[in-house]
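> predicted model and sequence below, questions to follow.
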Amino acid sequence: MSLLRIEGLSLAIHDFAILHDVSLTVEPGQIVGVIGESGSGKSMTSLAVMQLLPDGAQATGRILLEGQDVLSLSEAELCRLRGRAMGMVFQEPMTALNPIQTIGDQVAETIRIHEKVSKSVARARARAALARVEMPEDRFPLSRYPHELSGGQRQRVVIAMAIALRPRLLIADEPTTALDVTTQAQILKLLKRLVQEDGMGLLMISHDLAVVADMADHLVIMRHGKVVEAGPSPALFHRLQHPYSKALLAASTHQPERAAQPQEIPLLEVRGVVRDYATAREGLWGKPGTFRAVDDVSFQIRRGESLGLVGESGCGKSTLTRAILGLEEVQAGEILLDGQPVFTGHKPNRAVRRRMQVVFQDPYGSFNPRHRVDRLVTEPFHLLDDPPRGAAREDAIAEALESVGLTPEDRYKYIHEFSGGQRQRIAIARALIIKPDLIILDEAVSALDVSIRAQILDLLADLGDRLGLTYLFISHDLSVVQQVTDRVLVMQSGKIVEQGETAAIFDAPRHAYTKQLLSATPRLPDMTAA
Amino acid sequence: MSAGVMMLRGALGNRSLVIGLVLSLVFVGAALVSFAWVPQDVGAMDIPNRMQPPSGAHLLGTDHFGRDILSMIMVGARTSIAVAVVAVVIGMGLGVPLGLAAAARRGSLIDEVIMRGNDLVFAFPSLLIAIMITAVFGPSAVNAIIAIGIFNIPVFARLTRGAALSLWTRDYVLAARVAGKGAVRISAEHILPNVTNLLIVQGTIQFSLGILAEAALSYVGLGAQPPIPSWGRMLADSQTMISLAPHMAIFPGMAILLTVLGLNLMGDGLRDLFDPRIRRARQ
Amino acid sequence: MLRYVLKRLVSLVISLAVASLVIFLAIEVVPGDPAAYMLGLNAQPDTLAALRDQLGLNGTIPARYLSWIGGMLTGDFGTSYTYRTPVADMIGERMWISLPLALYALSLSTLIAFPAGVWAASRRGSAVDMGVMGVTQLGVAIPNFWFAMLMVLVFAINLRWFSAGGFAGWEQGFLAGMKSLTLPAIALALPQASILTRVMRSSLLDTLSEDFIRTARAKGLTRRQVLWRHALRNAMIPVLTIIGMQFSFLLAGAIIIENVFFLPGLGRLVFQAISARDLIVVESVLMLLVFAVIVVNFAVDVAYAAVDPRLRGRR
């Protein structure tokens, strides 16, 4: 008998169909990975197993946990199963814990809810559960509060809560999506170890093919609420049948074609840049301390080049971006574009600023929802002394929209009428409209589904060739950087620890941190062997 | 379907908004009509007919001077609405720019001064401000406006700052900064338009609170002075005669209750209409 | 924790200093010569000089401010111009009506609002929820002094359960005193309880939609357990803010409600003082009320830290 057997599960929320006839199984000790893009229904499948669906959800079919159909159980019976027979880990560790309860109380609660044990016994077992997730007593006493822990540590606490009673089934819904790549590797290793030790089944949900490919024994690929393909991993990768799965795999490893060669002329020069921030005062009357976000950073970007900047959150790459864009003055060093300083006399230099533009990560937060597209994309005209008016302005809008694959008529629409990928195209149009030399791509494809991401990367490569653009490509995702850059900088704690040709760095990293990053990055199985 | 039509459909399907709007319009309408026509002149006393219960001649009865209560309520609506509206205008006019400035210069001295100033004003309920002003300048409707208006300032300043702070972290604000726009321009183009919905909702709430506050102030004699009719004053006059002529107390009180209720329902309805999460769920 | 309380204490002192300065400037400096204002147009020059001397108006403005503050710190609030008695005595007597009234009303409103808010939130969308929301919608809109008048009409004049007004006096016993304050306290509490119920309900509903509630449900907690163990304490944070703000409204409201019931509290005192142009009394009552509001808000800030470990800072 399978540990978990989902048979013909269909689900609708307020008559809106979410899942159609989903079937999958999880055996004890097996890791089953469910992959899909947004809207594929993968998360709803996991919530259906826990029966923690939103109000108004109607499920049909069967979800058998050790032969028992959870769809037929009463709420009281479900409460006895949750936390004891099956545990769950969620995506967002920062908000998954009760902020005003100690971690000890929260882990012990799982035990006290299900077993009649004394408070001290429950705490001792909570202690043991935390030790199993590598949160030892001496560094993480039970009296810690969630806000005193990092994201990765909080995720460990959530895992400890889920496995405290050694459930037979663990469900992990995007457990590492919100985490840095090195933390992600540690959490994945931890989950793997727990599965082995307890012989439990793990149902792991992810949008990231590479993460799941590394982990899972069995893969399930979902799209629009249906299972399109399933099979043992990694063999499945070599004999994908369904066109969607093939396209998904192709998009994940997509390498845009780039023709242009960088010229041997520096466009952007960053020399010895330092940026300090004041930190909170020590004590009531103490002096504020300083935090060095960017520490003596120097590099160049050649004209026509695509330069990658990688590093984990908090490494200073956002601060550096803002300094290059002239949004913040630096304490030391200089930033020159074509020999012109970005800052002159404590004022940003308009002549330089109009030659640089930026595309941000979040396609939903990048646009004022109250403006129409024509007003949105022409915002950079503010940098020009004599911005185009009338017909010239209309032509510029049409040209910018067409160059990113939209139609000139789209100018009359509001931003909510566009999908995430289209919004990112509009963001690129906004950057292109004043014909800049340098475009900074700040995690510009990180929030997109892989198939959309591949299209945007192609668009960027094409624009780079046609318009002779220079890109600074900032990302936490090493595989994307590898696909689209000529050279790469690796940043850690405000310093550039390694830089060089992209291929050379990815083949033979020298710095310990680069090696660590690369080994932590999940990889798809090598397709060339097939 | 255009955004405007969708909005209109949502508005008509929203019961609290419709009821609230109708109630509020009745009283605003009564106040406006009173400029042109009232059933009986509110200055005319008719002692023989005093404290008459409601009848065909006087729909809501007469007061202790024989004046028609319906006419008094209609004219009193002017005072209430004028005081509350001007107080909201004062609160918004000063509070919104202060809130925008505090958010634009987050953590700076300006922000600190504005926020501490707000905390201070919060320690003075409008009644205390009214007492302070009246003690020195004597009672009047203008003083009531100032007292309620001052109290409204920190309400709008806090609301604006809170909402603006979260908008300042949006990427579109960063994009505007990359386009070389300054704090004032960004506040006007990107921040203010995106907090207007909140301000409209809060405006209706402060409007209704202003009507309650005006009534309370004129009830204790700190608001509009005779012979200007006001709802609070009518209640004060009715108090000693409540066992003889309860209608003198009941009708002005109902007028306050229904106006405030209408405005609150309208505020709730607008909030539902503006909140995109709820709107999406309705479709 | 200590550092947080100390920080709040510093801002309490600053608020009090600024508030006292505002009151002092408004009452003693803005009118020009308070003595002339208090005596009216027909004042004799020698009476004016005598009053100036008595009020201590002959010093510089900073000196007068400091001596006013110094006096208050030692319990000397000056002498009433109309009654020729120490203001401290007058206030002391009347404070024992206004303050208990405000606290009585605060307790009532909290005792009503908590169960009602939790009840409505736990049965969201049900008839109970709709009923509670409907009643509170009315409660928020009703002017409390009018509600008080209606209660007098029903419970004092028609049913004769309570006296229509006046205060029995604490010397008649605690219960007699509380009985005199019951109708006023109910009138004061009704609108505040309605607001608090709504805040309690919406804060609970917001908390119930947080991620950590789902985590707790995944541990096997029932809806009821999640509500009591996780949602309630988190939902208290905005509720505390409202309770703190309500105290100032209740104090101000008490002053008005005293008028309906002819209670000899601070409200009656201050309105009499305004019509008698007795500025010293007005000034002292204002300062006392503002002091109470600021201290209560300090207490609320400390209560925050007790609820929310994030405010206590790292140990």
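On my side now, so go ahead.

> C-alpha from now on. contacts and neighbour counts both.
Will do.

> quick one, longest helix in chain B?
helix B:69-104 (DSSP state H).

> which stretches of the chain have low pLDDT?
Unless you meant another one, I'm taking chain A. A:280-287, A:526-530 (pLDDT under 70).

> try chain C instead
C:32, C:41, C:313-315.

> now do the helices in it.
Counting by DSSP H, the helices of chain C are C:2-24, C:34-39, C:45-55, C:61-73, C:87-122, C:127-141, C:144-151, C:174-208, C:211-218, C:223-226, C:232-261, C:266-275, C:279-307, C:309-312.

> quick one: pLDDT of residue B:283?
Looking at residue B:283, its pLDDT reads 31.

> next to chain A, which bits of chain C? Give me the list.
For chain C, the contact set with chain A under Cα under 8 Å from any Cα of the partner chain comprises C:3, C:7, C:210-215, C:217-222, C:230, C:234, C:307-310, C:314.

> tell me the buried residues within the residues you listed.
C:211-215, C:217-222, C:230, C:234, C:307-310 (16 or more other Cα atoms under 10 Å in any protein chain shown).

> pretty sure residue A:23 is in a strand, no?
Yes - membership of residue A:23 in a strand is supported by DSSP: H, G, I helix; E, B strand; the rest coil.

> burial of it, as a residue count?
19 (other Cα atoms under 10 Å in any protein chain shown).

> and the one 10 residues further on, by the same measure?
Other residues near residue A:33 number 29, with proximity taken as other Cα under 10 Å.

> how about the one 10 residues further on?
Number of residues near residue A:43 (other Cα under 10 Å) recorded here: 21.

> ok, it touching residue A:205?
Yes - using Cα atoms under 8 Å, residue A:43 is in contact with residue A:205, at 6.9 Å.

> name the residues contacting each of the two.
With contacts taken as Cα atoms under 8 Å, 6 or more residues apart in numbering or on different chains, the residues that reach both residue A:43 and residue A:205 are residue A:173.

> chain center to the following helix or strand past the longest helix of chain B, what's the gap?
Counting by DSSP states H and E, the next helix or strand C-terminal to helix B:69-104 is helix B:109-122. Centroid separation for helix B:109-122 versus its chain: 23 Å, with Cα atoms, centre = their mean, to the nearest Å.

> ok, now how distant is residue A:145 from residue C:104?
The gap separating residue A:145 from residue C:104 is 37 Å, by Cα to Cα, to the nearest Å.

> out of the two, which sits in the more crowded spot?
residue A:145 (23 against 20).

> apart from its neighbours in sequence, what residue is nearest that one?
residue A:102 (4.5 Å; Cα to Cα, 6 or more residues apart in numbering or on different chains).

> let me see the contact set for the one you found.
Residue A:102 touches A:142, A:143, A:144, A:145, A:146, counting by Cα under 8 Å, 6+ apart.

> ok, so of those, who is nearest chain C?
The closest of the contacts of residue A:102 to chain C turns out to be residue A:145 (Cα to the nearest Cα; 7.3 Å).

> what about the closest one, distance to residue A:151?
13 Å.

> same check on residue C:259?
58 Å.

> in the stretch 101-250 of chain B, which spans are helices?
Ranges of helices in the stretch 101-250 of chain B, per DSSP state H, counting those that start in this stretch, are B:109-122, B:126-137, B:141-168, B:171-178, B:183-186, B:192-219, B:231-238, B:247-274.

> give me the buried positions along the last one.
Neighbour counts using 16+ other Cα under 10 Å place B:247-253, B:255-274 of helix B:247-274 among the buried residues.
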